[in-house]
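Student: Mind folding the following:
(one chain, ligands or ions: 1)
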Amino acid sequence: MRLIRLIANLGYGSQRDVKAMLKAGRVTLADGTVLEDGAKAAHEDIRVDGEPLDPPAGLVLMLNKPEDYTCSTSDPGRIVYELLPERFMHRNPIVAPVGRLDRDSSGLLLLTDDGPLAHRITSPKHHVPKTYDVRLARTLSGEEGAVFASGTLMLRSENTPLAPAQLVVTGPDTARITITEGRYHQVKRMFAAVGNHVEHLHRAAIGGLSLGDLPQGQWRPLTQDEIAQVLGS
Ligand code: URA
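Tutor: Numbering: from 1, shown residues only. Presented below is the predicted three-dimensional model:
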């Protein structure tokens, strides 16, 4: 790909902006050799203002999303892109959230520019489990686990029952739930269906990948091994 397009697609600016950056000598090799329009160089050898280029297309990252951030590029409130390099929102293709995590929910959010991979993770056909820790408004009755595991629970205004979900009770009003679908506000609606209310929801894992010790508000790229863990492959 032409240098200008490569850099522009990474969100550094329009093709015009990047042309001006090249002219100004801001795009170089590691040894300082100035690159000109039309020059050929490997991604990892290119520097902008002396800094390595952002990761190439095919980026998959995890973010430990705090509450009060929306998975959107535009919202009157805070958005998850504020926690990432600003360029990521301007990349082509954009680095987009893989499924959504509600504004008032926290935890593991994956973002990628790889559309087919995002589809594999979110499509109910692939049964990638998502695990959430919930804190509830009321004490658990003890019957929720059987209801969620039944495969017959029907949410309001839906016409297909939910796939079986697994519940592990972790305290009088706390539990860990694992689902394989991603219906709208699914976990909150499941607890509403059994007469409770989710006060706080935290996604702990997607497939075999958990947040580990990634601090809240921080992100990092995933390794190929970690992507395989997400997919359970
Ligand atoms: N279920 C919900 O209700 N909210 C989320 O953010 C994720 C799953």
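Student: For Leu6, give me phi and psi.
Tutor: Backbone torsions of Leu6, given as degrees, to the nearest 10, read phi -60, psi -50.
Student: ok, now Tyr132?
Tutor: Torsion angles at Tyr132 (phi, psi; degrees, to the nearest 10) stand at phi -130, psi 140.
Student: Any idea what it is bridged to?
Tutor: Ile177, Arg203 (DSSP bridges).
Student: how much space between the residue of the chain most remote from its centre and Glu44?
Tutor: Within the chain, Thr33 marks the point farthest from the mean C-alpha position, 36.7 Å out by CA atoms, centre = their mean. Here Thr33 is placed at a distance of 15 Å from Glu44 (CB to CB, to the nearest Å). Where C-beta positions appear, they are placed from N, C-alpha and C, glycine not excepted.
Student: list the contacts for Val230?
Tutor: Leu110, Ile121, Val128, Ile206, Gly207, Gly208, Leu209, Leu222 (CB atoms under 8 Å, 6 or more residues apart in numbering).
Student: Are we agreed that the second one is in a strand?
Tutor: So the one you mean is Ile121. No - under DSSP: H, G, I helix; E, B strand; the rest coil, Ile121 falls outside any strand and is assigned helix.
Student: My read is that it contacts Gly232, right?
Tutor: No - the criterion here is CB atoms under 8 Å, and Ile121 misses it with Gly232 at 10.4 Å.
Student: The two: which is more packed in?
Tutor: Ile121 (22 against 12; other CB atoms under 10 Å).
Student: and the more buried one, what does it touch?
Tutor: If you count contacts by CB under 8 Å, 6+ apart, then Ile121 has Val98, Gly99, Leu110, Val128, Ile206, Gly207, Val230, Leu231 around it.
Student: Only the buried subset of the residues you listed, as a PyMOL command please.
Tutor: Buried members of the contacts of Ile121, defined by 16 or more other CB atoms under 10 Å, are picked up in PyMOL with:
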select buried, resi 98+99+110+128+206+207+230
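Student: Filter the contacts of Ile121 to keep only those in contact with the ligand.
Tutor: Near the ligand, taking CB under 6 Å from any ligand atom as the test, no member of the contacts of Ile121 is found.
Student: Just the ones in helices from the contacts of Ile121, please.
Tutor: If you go by DSSP state H, the contacts of Ile121 have Val230, Leu231 in helices.
Student: Among the contacts of Ile121, show me the least confident.
Tutor: pLDDT across the contacts of Ile121 is lowest for Gly99, at 88.
Student: Now that one. Its backbone dihedrals?
Tutor: Backbone geometry at Gly99, expressed as degrees, to the nearest 10, gives phi 70, psi 180.
Student: for Pro66, same thing?
Tutor: Per degrees, to the nearest 10, the backbone of Pro66 is at phi -80, psi 170.
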